[in-house]
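**Q** Generate coordinates for the sequence data below:
(one chain, ligands or ions: 1)
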Amino acid sequence: MLFLALKTKKMNIVLFGPPGAGKGTQAKLLANYFRIPHVSTGDMFREAAAEGTRLGIKARDEYWGKGNLVPDDITIGLVKERLGAKDCEKGFILDGFPRTIGQAEALEKISKIDYAIEIQSSEEIIIKRLTSRLQCKKCGKIYGLDVPPKKDKLCDKCKLPLYHRDDDKEEVVRERLRVYKKQTRPLIKFYKKNGLLRSINGEQKIEKILDDIKKIVQEKL
Ligand code: AMP
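**A** Numbering: from 1, shown residues only. I've put the predicted structure just below:
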């Protein structure tokens, strides 16, 4: 019954919360479980920079490399195009978008959202997590204090060296947190008002957070 529901019900999920709350990790697990695409604006910007596109380089040098948000018009255009793709027809998990009220309002015009899930975490834990987090450039898997790689600084799957994101340096993390409070935290009120807000304790084990999110989503199926 549940399997049938998962196959037929459209699921448009927004995951938001401070940087380092575990959105990326949860989004990947949920995408795999519900078989819908994981749409991460952060990944899109990093990929564009790695490919050397003008937009990617500009976004990195002027914005994300410094801990600032990429302007709404660029980000909204990117997301609109991505959500219009065929693989998003059955739903999607948005990770890191919206991050401003302007983006949330634009998203309402692009697609109907079913759940806005806030992953909460304290600043102290976030700083500890981000400054020790490592990522695989190839598959994007994130390693940290709670999930260390089996071999020192090598991806378990790809066996390639892991890297520390430039924007995970402590001074940049502090700036990202400041930006979060000012620009993204107002989304809590926005999604509370339209009844879509659900909040999850992001300081629990990864499996427990995943379970909590699955329960919220399955409630509505
Ligand atoms: P993330 O991997 O989600 O932490 O994103 C990395 C960086 O990409 C952020 O610090 C921003 O500079 C930029 N970015 C990602 N998503 C957005 C967004 N929705 N709006 C503006 N900038 C974004």
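
**Q** CA only for contacts and neighbour counts going forward, please
**A** Will do.

**Q** Tell me the residues of the chain that contact the ligand?
**A** 19, 41-43, 63-64, 67-71, 75, 96-99 (CA under 6 Å from any ligand atom).

**Q** Can you turn the buried part of these into a PyMOL selection?
**A** PyMOL command restricting the residues of the chain next to the ligand to the buried ones, with burial defined by 16 or more other CA atoms under 10 Å:
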select buried, resi 19+41+42+64+67+68+69+70+75+96+97+98+99
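
**Q** tell me the strands in the protein, going along the chain?
**A** Here the chain has its strands, by DSSP state E, at 11-16, 38-40, 91-95, 115-120, 134-135, 142-143, 197-201.

**Q** which of the ones you listed has the lowest average pLDDT?
**A** Lowest mean pLDDT within the strands of the chain: strand 142-143, at a mean of 90.

**Q** The helix of greatest length in the chain - contacts with which helices or strands?
**A** Determined from DSSP state H, the single longest helix within the chain is helix 206-219. Using 3 or more CA pairs under 8 Å, 6 or more residues apart in numbering; DSSP states H and E, the elements in contact with helix 206-219 are helix 23-34, strand 197-201.

**Q** average model confidence for that helix?
**A** When pLDDT is averaged along helix 206-219, the result is 93.

**Q** Give me the contacts around it.
**A** By CA atoms under 8 Å, 6 or more residues apart in numbering, the surrounding residues in contact with helix 206-219 are 26, 29-30, 115, 117, 198, 200-202.

**Q** Output it in CSV with nothing but the alpha carbons.
**A** Extracted in CSV, the C-alpha atoms of helix 206-219 (Å, rounded to 0.1, in the frame of the first residue of the first chain):
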residue,chain,number,x,y,z
ILE,A,206,21.4,10.6,10.9
GLU,A,207,19.1,7.5,10.9
LYS,A,208,16.8,9.1,13.5
ILE,A,209,16.5,12.4,11.6
LEU,A,210,15.7,10.4,8.4
ASP,A,211,13.0,8.5,10.2
ASP,A,212,11.5,11.7,11.6
ILE,A,213,11.3,13.2,8.1
LYS,A,214,9.9,10.0,6.5
LYS,A,215,7.2,10.0,9.1
ILE,A,216,6.2,13.6,8.3
VAL,A,217,6.1,12.8,4.6
GLN,A,218,4.2,9.5,5.0
GLU,A,219,1.6,11.2,7.2
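
**Q** Check the offset of it from the chain's centre.
**A** Remark: helix 206-219 is offset 16 Å from the chain centroid, using CA atoms, centre = their mean, to the nearest Å.

**Q** Leu55: what's its closest spatial neighbour, skipping adjacent residues?
**A** Nearest non-adjacent residue to Leu55, counting by CA to CA, 6 or more residues apart in numbering: Ala48, 6.9 Å away.

**Q** what's the neighbour count on the one you found?
**A** For Ala48, the neighbour count with other CA atoms under 10 Å is 18.
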